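Novice: Got a sequence here, can you build the structure:
(one chain, ligands or ions: 1)
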Amino acid sequence: MEASMSGVSPREHSVRANCGICPSGCSAKVTLQGERITRVVPDPSRPNGMCCRRVTRAAEILYSPDRLLHPLIREGKRGENKFRKAGWDEALDTVAAGMQDIRSRFGPEALCIYTGRGTFERSLWEMLAPAGVRETCAWSLLFPFGSPNTTGAGSNCYVSQAVIAPVTTFGIWWADTHPDLERSDLIVVWGTNPANASPPELIDRILKARSRGTRITVIDPRRTETATRAGAQWVAVRPGTDGALALAMINVIVTEGLYDEQFVREWTTGFEELRAYVSELSPEKASKITAVPPETIRSTARDIARAKGAAFLGYSGIEYTTSAVQNIRAILTLWALSGNIDVPGGVLFRTPGEGFRVSSAHRLDPPAGPPPVGANTYPLYHQFRKEAHAMELPDAILEGRPYPVRGMLVFGASIITGYPNPNLWRRSFSALDFLLVVDRYPTEDARYADVILPAATSFEYDSYLISDNSVRLRRKLIDPVGDSRSDWDIVAGIAGRLGYGELFPRSASEMLQWAFEGTGVDLNALQASPDGIQLPTHAPKYRKWETGLLRSDGKPGFPTPSGKMEFASSILKTFGYDAIPVFVPPAEGPESDPGRAAQYPLIFNSGSRSKSFLCSQHRNIRSLADQRPDPLVWMHSRDAANRGILNGDWVDVVTARGRVRYRAFVTDDIVEGAVEADAHGGSPIALGPWRRCNVNELTDADNRDPISGFPVYKALLCDVIKAGQDT
Ligand code: SF4
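Specialist: The predicted structure follows:
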């Protein structure tokens with residue numbers, strides 16, 4: 001951090017630092033008055049200076065009157081939301097006593113920790129990951145306690161797209177790939193909307209590519225802001241049918257011979273199975289499923305196959321359907337078959353060991369004993385992540401299956417608003433014997449807590465940032481607000497009281513020592529380099545499977561069990577799933593459930609992100625909320641007209657599970673017959689109609705992808721009714 005006096009007032013000064021509102025840590029200029037942050041603005045002169053709109057509201061967020069400032073201990077009945085202020089010693093003693101009580105009565109595995117989006121600070125998810133896991137946000141804090149039950153936001157986000165699908169196809173985690181947008185001839189954005197991402201760096205790269213002449217295609221049920229700003233070709237696909245679309249494009253590529261036969265022959269397995277399967281899915285047939293015209297399917301497939309480097313940008317938009325993992329595998333298969341992996345402009349693979357990683361020397365293995373909850377139901381999820389699956393927790397809490405879970409530690413999460421069936425979770429939290437919630441603001445989950453601990457933001461403790469080409473420290477700018485403490489101090493406080501404090505860093509500064517020991521990056525040098533240490537860059541190498549650069553043993557091929565890129569996945573087959581990327585129509589959709597479709601004729605889609613908020617966070621910040629005052633449901637103009645609904649009307653979105661009120665956004669920028677309902681409302685401190693708008697009243701906890709266990713937030717059935725008119 002480099003200080004420079006701005007001279008605005010004697011006590012006001014500006015520093016070059018990093019935004020501490022979310023883990024992206026964008027480069028920013030921070031103005032402080034004494035010990036108080038007064039203003040934060042982007043610093044485009046430094047790397048990662050593309051900030052989101054939250055950055056200029058950082059002070060509002062940091063000093064919000066809603067902020068949790070003191071430890072709280074429950075006074076009333078569980079769920080009554082009555083708490084009293086407590087000191088840290090009393091609060092942490094109460095936490096330790098609650099945990100030990102659970103262990104003595106039910107065994108250590110009866111305690112589970114859940115870590116959510118609010119704790120996505122890089123050092124936390126890297127340093128606290130279970131040993132041997134490439135990437136997870138789940139923490140090892142309970143392993144020495146004896147419990148294998150650690151879980152988190154991976155149970156409903158990221159893992160399908162970034163772990164299970166790529167590892168079962170290429171043997172490579174998505175974190176070890178990157179899109180070569182600067183050399184792409186075509187960029188296909190499929191299942192993500194970079195215009196709303198944090199940080200908004202990807203949209204900048206897309207727009208720059210566009211200005212160089214790169215073609216952009218957006219495949220999405222909506223013409224997103226990314227599509228509009230990039231002047232993209234919009235392929236409007238019906239929610240939940242992306243797999244059918246990808247497979248039909250594979251059909252075109254195979255039928256028209258647009259693939260590299262030598263690559264297929266020498267470096268892949270399962271092509272004949274795949275060919276036989278896709279031969280049944282012509283563009284005409286797929287068009288009836290996907291709503292994409294056959295000619296668009298053909299032309300898009302040809303565009304991808306003939307591009308001199310096509311990049312694929314995808315994310316959670318393709319994770320939430322009945323066969324999501326397989327749908328994503330179909331897209332990855334399309335990329336491999338069309339010759340767009342590890343070529344200039346395509347999806348590039350990293351060589352094992354490439355890029356800087358902090359030390360994993362202090363990571364802990366899960367304890368011996370029973371496997372975590374959900375390991376038997378979603379064994380592949382467990383194989384890759386060594387963690388419990390949160391979707392199975394209500395069964396463990398309420399039914400004791402596979403064994404009782406009686407206590408939970410919830411760090412930086414809002415489970416009641418984030419997962420389907422909020423009442424199931426309310427019942428689950430009510431039934432616990434102990435619940436700790438650690439957060440920066442009150443959540444709906446916190447209402448059920450025994451103890452609430454106030455956590456600091458990233459402005460308030462030291463950590464580090466890593467990008468492709470540099471490592472930097474992110475220095476604390478202010479002391480923790482109120483009586484809050486960093487997550488690191490809270491972890492140390494809990495571990496210390498349980499008798500294993502030496503297994504975790506006792507402070508953020510000890511964490512930094514552990515992070516860099518043995519890595520070749522000197523912490524002292526890092527501390528003396530405000531702009532960080534530059535990492536060596538290497539000239540890109542392509543088609544690395546030919547030269548042994550993809551496998552840790554140095555042999556040519558892919559790091560899969562067969563050594564080849566697997567159209568037919570040997571791992572999926574071993575675990576009893578379909579080996580090739582079969583498409584399964586949405587379990588609740590017009591094809592699978594025509595009876596329900598007659599009652600609920602529209603396809604429900606949800607889960608998209610917003611520029612103003614980070615999932616359920618910041619819904620209480622007035623200047624951000626004013627930019628999105630009402631939760632919206634997008635619907636096509638013909639669907640609206642058929643129901644007498646005008647743009648701006650209040651409407652109820654109704655599914656077989658519930659009814660939630662939205663304001664109608666009537667548009668032609670959504671595929672006809674589908675709606676997109678805003679997610680992430682329902683926080684007890686959200687402003688205006690967001691507070692009562694919990695989209696998960698509409699979703700279904702039992703409708704899941706059988707491989708990842710992810711809930712189907714998209715591709716359900718609903719209707720939209722003008723408010724005040726009954727069904
Ligand atoms: S994405 Fe926004 S909130 Fe997150 S660090 Fe960057 S500027 Fe801050």
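Novice: any idea what sits nearest the residue of the stretch 551-700 of the chain found nearest the ligand, other than its immediate chain neighbours?
Specialist: Scanning the stretch 551-700 of the chain for the residue nearest the ligand gives L614, at 7.0 Å (criterion: C-beta to the nearest ligand atom). C-betas here are computed from N, CA, C, even on glycine. Nearest residue to L614 in three dimensions, chain neighbours excluded: C22, at 5.5 Å (C-beta to C-beta, 6 or more residues apart in numbering).
Novice: same thing with K85?
Specialist: H70 (4.8 Å).
Novice: quick revisit: report the beta-bridge partner residues of the residue of the stretch 551-700 of the chain closest to the ligand.
Specialist: For L614, the beta-bridge partners under DSSP bridges are Q617.
Novice: Now for it: which residues touch it?
Specialist: I21, C22, R54, R117, S198 (C-beta atoms under 8 Å, 6 or more residues apart in numbering).
Novice: for the chain, what are the low-confidence residue spans?
Specialist: 1-10, 726-727 (pLDDT under 70).
Novice: Try it again at 80.
Specialist: 1-11, 47, 468, 611-612, 614, 725-727 (pLDDT under 80).
Novice: and it, which residues reach the ligand?
Specialist: C19, I21, C22, S24, G25, C26, C51, C52, R54, V55, S198, P199 (C-beta under 6 Å from any ligand atom).
Novice: Most neighbours among those, which one?
Specialist: C19 (30 neighbours; other C-beta atoms under 10 Å).
Novice: my read: it touches A58, true?
Specialist: Yes. C19 lies in contact with A58 (C-beta atoms under 8 Å); the separation is 6.2 Å.
Novice: Quick check: neighbours shared by the two?
Specialist: Common neighbours of C19 and A58 (C-beta under 8 Å, 6+ apart) are A28, V40.
Novice: sorry, back to before: pretty sure the residue nearest to K85 is in a helix, no?
Specialist: No. Looking at H70 with DSSP: H, G, I helix; E, B strand; the rest coil, it is coil, so not inside a helix.
Novice: List the contacts of it.
Specialist: Taking C-beta under 8 Å, 6+ apart as the test, what H70 contacts is K85, A86, P454, G482, D483.
Novice: if we go to 7 Å?
Specialist: Neighbour list for H70: K85, P454, G482, D483 [criterion: C-beta atoms under 7 Å, 6 or more residues apart in numbering].
Novice: which among the residues you listed end up buried?
Specialist: Buried members of those, counted by 16 or more other C-beta atoms under 10 Å: P454, D483.
Novice: Of the contacts of H70, which is the nearest to V41?
Specialist: Closest approach to V41 among those (C-beta to C-beta): G482, at 25.0 Å.
Novice: Can you list phi and psi of the closest residue to G412 other than its chain neighbours for me?
Specialist: Leaving out its chain neighbours, the residue that sits closest to G412 by C-beta to C-beta, 6+ apart is G118, at 2.7 Å. The phi/psi pair for G118 (degrees, to the nearest 10) reads phi -70, psi -10.
Novice: G118 and D439 touch, don't they?
Specialist: Yes. If you go by C-beta atoms under 7 Å, G118 and D439 touch, sitting 6.0 Å apart.
Novice: joint contacts of the two?
Specialist: G412.
Novice: Return the residues in contact with R543.
Specialist: Per C-beta under 7 Å, 6+ apart, neighbours of R543: D342, V343.
Novice: again, but for G589
Specialist: Going by C-beta under 7 Å, 6+ apart, the list of residues near G589 reads G240, I603, A715, L717.
Novice: How about the contacts made by the residue of the stretch 301-450 of the chain found nearest the ligand?
Specialist: In the stretch 301-450 of the chain, the residue found nearest to the ligand is R440; the distance is 13.0 Å by C-beta to the nearest ligand atom. R440 is in contact with R67, L68, G118, A455, T457, counting by C-beta under 7 Å, 6+ apart.
Novice: so how far is stretch 521-538 from its chain's centroid?
Specialist: 29 Å (C-alpha atoms, centre = their mean, to the nearest Å).
Novice: one step back: if you rank the contacts of G589 by neighbours, which is first?
Specialist: For the contacts of G589, the largest number of neighbours (other C-beta under 10 Å) sits with G240, at 32 neighbours.
Novice: mind checking how far stretch 684-695 is from the chain centre?
Specialist: For stretch 684-695 - counting by C-alpha atoms, centre = their mean - the centre lies 21 Å from the chain centre.
Novice: Check what contacts that stretch and list those residues.
Specialist: With C-beta under 7 Å, 6+ apart, stretch 684-695 has contacts from 66, 417, 422, 441-442, 444, 606, 619-620, 622, 625, 629-631, 660-662, 677-679, 681-683.
Novice: where exactly do the strands run in the stretch 201-350 of the chain?
Specialist: 215-220, 233-236, 268-269, 310-314, 347-349 (DSSP state E, counting those that start in this stretch).
Novice: Neighbouring strands of the shortest one in the sheet, and parallel or not?
Specialist: Each strand that strand 268-269 pairs with, and the sense of that pairing, follows from DSSP bridges: strand 565-566 (parallel).
Novice: which among the contacts of R440 end up buried?
Specialist: R67, L68, G118, A455, T457.
Novice: any idea which of those is closest to the ligand?
Specialist: T457 (10.1 Å).
Novice: wait, that closest one sits on Y63?
Specialist: No. If you go by C-beta under 7 Å, T457 and Y63 don't touch, sitting 10.5 Å apart.
Novice: Helices - which of the contacts of stretch 684-695 land there?
Specialist: T417, P422, R622, A625 (DSSP state H).
Novice: what number of residues lie near the third one?
Specialist: Around R622 there are 12 other residues, counting by other C-beta under 10 Å.
Novice: Not counting sequence-adjacent ones, nearest residue to D649?
Specialist: A664 (4.8 Å).
Novice: now the one you found, what's its secondary structure?
Specialist: Once three-state DSSP is applied, A664 turns out strand.
Novice: What residues are bridge-paired with it?
Specialist: V633.
Novice: was I right about S486 contacting S458?
Specialist: No. Under the criterion of C-beta under 7 Å, S486 makes no contact with S458, lying 8.9 Å away.
Novice: ok now stretch 539-547, how far from the chain's centre?
Specialist: 29 Å.
Novice: Show me which residues of that stretch are buried.
Specialist: Under the neighbour-count criterion of 16+ other C-beta under 10 Å, stretch 539-547 has Y542, K544, W545 buried.
Novice: P556 and Y259, how far apart?
Specialist: 20 Å (C-beta to C-beta, to the nearest Å).
Novice: Same question for V325.
Specialist: Distance, V325 to Y259, by C-beta to C-beta: 23 Å.
Novice: Comparing those two, which shows the higher neighbour count?
Specialist: Higher neighbour count among V325 and Y259: V325, with 30 against 19, using other C-beta under 10 Å.
Novice: Quick one: residues contacting the residue nearest to the more buried one when sequence neighbours are not counted.
Specialist: Nearest non-adjacent residue to V325, counting by C-beta to C-beta, 6+ apart: I707, 4.2 Å away. Contact analysis of I707 by C-beta under 7 Å, 6+ apart lists I164, V325, L380, Y577.
Novice: Next, format those as a markdown table and append secondary structure.
Specialist: Formatted as a markdown table, the contacts of I707 follow (three-state DSSP):
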| residue | secondary structure |
| --- | --- |
| I164 | helix |
| V325 | helix |
| L380 | helix |
| Y577 | coil |
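Novice: Of these, which count as buried by neighbour count?
Specialist: I164, V325, L380, Y577.
Novice: which one among those residues gets closest to T224?
Specialist: V325 (23.2 Å).
Novice: surely that closest one meets P166?
Specialist: No. Applying C-beta under 7 Å, one finds V325 not in contact with P166, separated by 10.3 Å.
Novice: In a strand, R16, correct?
Specialist: Yes. R16: assigned to a strand according to three-state DSSP.
Novice: any residues touching the longest helix belonging to the chain, and which ones?
Specialist: Secondary structure of the chain per DSSP H: the longest helix is helix 88-106. By C-beta under 7 Å, 6+ apart, the residues outside helix 88-106 that reach it are 71, 73, 110-111, 145-146, 404, 406-407, 433-434, 436, 450-451, 453, 493-494, 497-498.
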